[in-house]
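Sequence plus predicted model, see below.
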Amino acid sequence: MLRQFDILPNPKQLEFFKSKAKYTAYGGARGGGKSWAMRIKLVLLASRYAGINILLLRRTLGELRENHIIPLRALLNGVAVYKDSAKEFDFPNGSRIKLGYLDSESDVLQYQGQAYEVIGMEEATQFTYFQFLCLTECNRVSGSMTKPFTPRMYFTCNPGGVGNNWVKRLFIDREYRLNENPADYVFIKSLVYDNTFLMEHDPGYLRTLEALPEARKRAMLYGDWNSFEGMFFPEFDEAKHVIPDLRPSSEWVKFRALDYGLDMTACLWIAVTPERRLVVYRELCKPNLILSEAAAAIIKATPESENIRYTVASPDLWNRRQDSGKSGVQIMTEAGLKGLRRADSARIPGWRVMREYLRPGAEDGIPKLHITRSCKELIRCLPSLAFDPDTSEDASDVPHDITHAPEALRYAVMSREPRCEAKTPNDAGGTYSFGSRRIYAGNDDYFDI
């Protein structure tokens, strides 16, 4: 039998314990007793349902250890066996609580093919929408239970973080798409004022929250989700911007945009329609390619019959490599990738232009940018971008693995803008000098002079 809990649940925690909805989110502010509620909820499920498989996740190993492994080992001492190598608690009735963390975007792929009747996501706004979607595929009956059970997921959350937008959309704004069923989503708001144990034993924490800067105080003390807009591009809407795959007309101008890094080569193929809209119709996103391999992969992915006007690429490819004395452009050109052009890499102006392309047209309501459904990496990454907390109007580079495809798209849209001058920082720092002048030729092309 479980020992008596040292803390009795408050009314909001009790409501969380009783919820059997497919997706239940709890919290919304600091100090609401979220982690304790999540731990106890999962332990109660493991104790009641023999053979149930439960997965509990945090974003990092350190958070997982401090918030759950250590407290659960104390709580379940003599009740369940903890296996450190597997990071799981095994109960006498055959139930199991598996603990994991998703430090990088791709870590979620390790759970593909596995089945858990219950999945708990602690601090859900620290996870991307892609990670959430992947986990929903694992939330199914595993076949080891002795009685019927409806799979479900539980979330704790505060405003802010890379996942702010999808959590806010589903649980706060309740804006649903496609096959999302509103009845599946329950949100239980809990503030520090609801946590009677904390208010009684640590009243100074309330004063700490009250002393926060105004915007953060509204979010962390009062649970105001409008204080943080995690999604860098709220304009992006799959229903408006994602279209079925298509083969661009041979008469359309076609070009490529490349963001290269050893951790990820992100190349996009873009077509310009007669209405001067851009259609991203193909992508190549592959890690661990050296420059010559990246060039070969891009060439292989491009049909010989396809007339590619140019490939706009990240400016750092023009820097010389210490190992070879050659620039990245030279190496890729020698590998057969022709027509490379230096991208306008100005970040904030580039993001502004992307917003204009994503917004519906003033006359017909149709945006200037579309992405075909096969470009899964770009569709995954674009809505996951968050604001940089230190630089107004810039996108965060964390997590880094979601930034490559959007960077390539920024290069693409900037290459179509008839800008006469490009500003680049000079060596003095803080001031700007004018770079080469670009003249728009009027025939979907540019000349550098």
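That came through fine. Residues are numbered from 1 along each chain as shown.

Work out the gap between stretch 274-289 and the centre of the chain.
With Cα atoms, centre = their mean, to the nearest Å as the basis, stretch 274-289 stands 19 Å off its chain's centre.

tell me how far the ends of that stretch are from each other?
End-to-end distance of stretch 274-289: 35 Å, with Cα to Cα, to the nearest Å as the criterion.

Any idea how many residues pack against Gln126?
23 (other Cβ atoms under 10 Å). All C-beta atoms are positioned from the backbone trio N, CA, C, and that covers glycine.

Also Ala80?
By other Cβ under 10 Å, neighbour count at Ala80 equals 23.

distance of it from Gly120?
Distance, Ala80 to Gly120, using Cβ to Cβ, to the nearest Å: 16 Å.

For Leu258, give the beta-bridge partners.
Cys267, Ala313 (DSSP bridges).

Return the residues in contact with it.
Contact partners of Leu258, counting by Cβ atoms under 8 Å, 6 or more residues apart in numbering, are 265-268, 298, 311-314, 317, 340, 408, 411.

cutoff 6 Å now
267, 311, 313 (Cβ atoms under 6 Å, 6 or more residues apart in numbering).

quick one: which of these is nearest Phe155?
The shortest gap between Phe155 and any of the contacts of Leu258 belongs to Cys267, at 35.2 Å (Cβ to Cβ).

which ones are touching that closest one?
Per Cβ under 6 Å, 6+ apart, neighbours of Cys267: 256, 258, 284, 298.

buried stuff in the helix or strand containing Ile348?
Taking DSSP states H and E as the definition, one finds Ile348 inside helix 347-358. In terms of neighbour count (16 or more other Cβ atoms under 10 Å), helix 347-358 has its buried residues at 349-351, 353-355, 357-358.

same deal with stretch 125-135?
Counting neighbours by 16+ other Cβ under 10 Å, stretch 125-135 gives 125-132, 134-135 as buried.

What is the distance between that stretch and the centre of its chain?
In terms of Cα atoms, centre = their mean, the centre of stretch 125-135 is set 7 Å apart from its chain centre.

Same check on stretch 287-306?
Between the centre of stretch 287-306 and the centre of its chain there are 26 Å (Cα atoms, centre = their mean).

Could you check how many residues crowd around Thr60?
For Thr60, using other Cβ under 10 Å, the count is 13.

quick one, what contacts it?
101, 103.

Make sure Tyr111 is actually in contact with Glu137.
No: in this structure Tyr111 lies outside contact range of Glu137 using Cβ atoms under 6 Å: 8.6 Å.

between the two, which one's more packed in?
Neighbours were counted for Tyr111 and for Glu137 using other Cβ under 10 Å; Tyr111 has more, 20 against 13.

picking up where we left off before, helices - which of the buried residues of stretch 125-135 land there?
Under the assignment DSSP state H, those contribute 129-132, 134-135 to helices.

Could you verify my assumption that Tyr310 touches Phe255?
Yes: using Cβ under 6 Å, Tyr310 is in contact with Phe255, at 5.1 Å.

So for the two, which sits in the more crowded spot?
Each of Tyr310 and Phe255 has its neighbours counted (other Cβ under 10 Å); Phe255 has more, 23 against 17.

which residues touch that one?
Counted by Cβ under 6 Å, 6+ apart, Phe255 has contacts 270, 309-310.

hmm, try it at 7 Å
270, 308-312 (Cβ atoms under 7 Å, 6 or more residues apart in numbering).

Overlap in contacts, Tyr111 and Glu137.
What both Tyr111 and Glu137 touch, as defined by Cβ under 7 Å, 6+ apart, is an empty set.

tell me which residues of the longest helix belonging to the chain are tucked away?
Counting by DSSP H, the longest helix found in the chain is helix 34-48. Across helix 34-48, burial judged by 16+ other Cβ under 10 Å covers 34-43, 45-47.

Can you pull out the low-pLDDT segments for the stretch 101-250 of the chain?
Along the stretch 101-250 of the chain, the parts satisfying pLDDT under 70 run over 215, 226-231.

picking up where we left off before, same for the next helix or strand after the helix holding Ile348, what does it pack against?
Using DSSP H and E, the helix or strand that follows helix 347-358 in sequence is strand 369-372. Applying 3 or more Cβ pairs under 7 Å, 6 or more residues apart in numbering; DSSP states H and E, one finds that strand 369-372 makes contact with helix 238-241, strand 242-243, strand 278-286.
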